[in-house]
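Enquirer: just to be clear, the model below is a prediction. Sequence and coordinates:
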Amino acid sequence: MINNENQCPNCSYITEDGIKVGSWTNNQRSNKKKNKLDEEKIKLLEKLDGWFWKLNLDKLWLDNYELLKEYMINNDKQCPNCSYITDDGINLGIWISRQRSNKKKKKLDEEKIKLLEQIPGWWWDSNIKYIKNM
């Protein structure tokens, strides 16, 4: 369950077998917060190297941003499609869609917008991307 960097997977992590381990870890955190996780299970989880109870959402966002930047550098400045999943099981395509949606809804802060716009090949609107490829 712990990834290559000895950390728990994030919420979008899916194994090669299609097991949604990231969602499972989120459920364990939620159950503990609601006092619905028994003490034995809490202790077992806490024995895992890299286990944590509270997510650092800013770090998670920056980790996904770095994955996107690396992908686009290595793939001729092309954004991955919505079904693209990294070697670590991160559905980067869905993450990108969420960033675009959050920007439209004015839920993405300016710093994150600027960081994404610094990636060569980044685009916000699918219609613009279609025109660029013609």
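Expert: Structure received.

Enquirer: pLDDT score for Q7?
Expert: The score at Q7 is 61. That number is its pLDDT.

Enquirer: what number of residues lie near V21?
Expert: Using other C-beta atoms under 10 Å, V21 has 19 neighbouring residues. In short, each C-beta sits where N, CA and C put it, glycine included.

Enquirer: buried stuff in stretch 92-110?
Expert: Buried positions in stretch 92-110, judged by neighbour count with 16 or more other C-beta atoms under 10 Å: L92, G93, W95, I96, Q99, R100, L108.

Enquirer: next one: stretch 14-22
Expert: Going by neighbour count (16+ other C-beta under 10 Å), the buried part of stretch 14-22 is I14, K20, V21, G22.

Enquirer: got a list of what the second one touches?
Expert: Listed by C-beta atoms under 8 Å, 6 or more residues apart in numbering, the contact set of K20 reads Y13, I14.

Enquirer: for it, phi and psi?
Expert: Dihedral pair for K20: phi -90, psi 70, per degrees, to the nearest 10.

Enquirer: how much space between it and N27?
Expert: Relative to N27, K20 is positioned 9 Å away (C-beta to C-beta, to the nearest Å).

Enquirer: before we move on, back to that, just put the buried residues of stretch 92-110 in CSV and tack on distance to D49.
Expert: Below are these laid out as CSV (distance: C-beta to C-beta, whole Å):
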residue, distance to D49
L92, 25
G93, 29
W95, 25
I96, 30
Q99, 30
R100, 35
L108, 33
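
Enquirer: give me the low-pLDDT residue ranges for the chain?
Expert: For the chain, applying pLDDT under 70 flags the ranges 1-12, 126-134.

Enquirer: what segments of it are strands?
Expert: Along the chain, no segments are classed as strands by DSSP state E.

Enquirer: domains in it, by residue range?
Expert: 1-55, 57-132 (automatic domain parsing).
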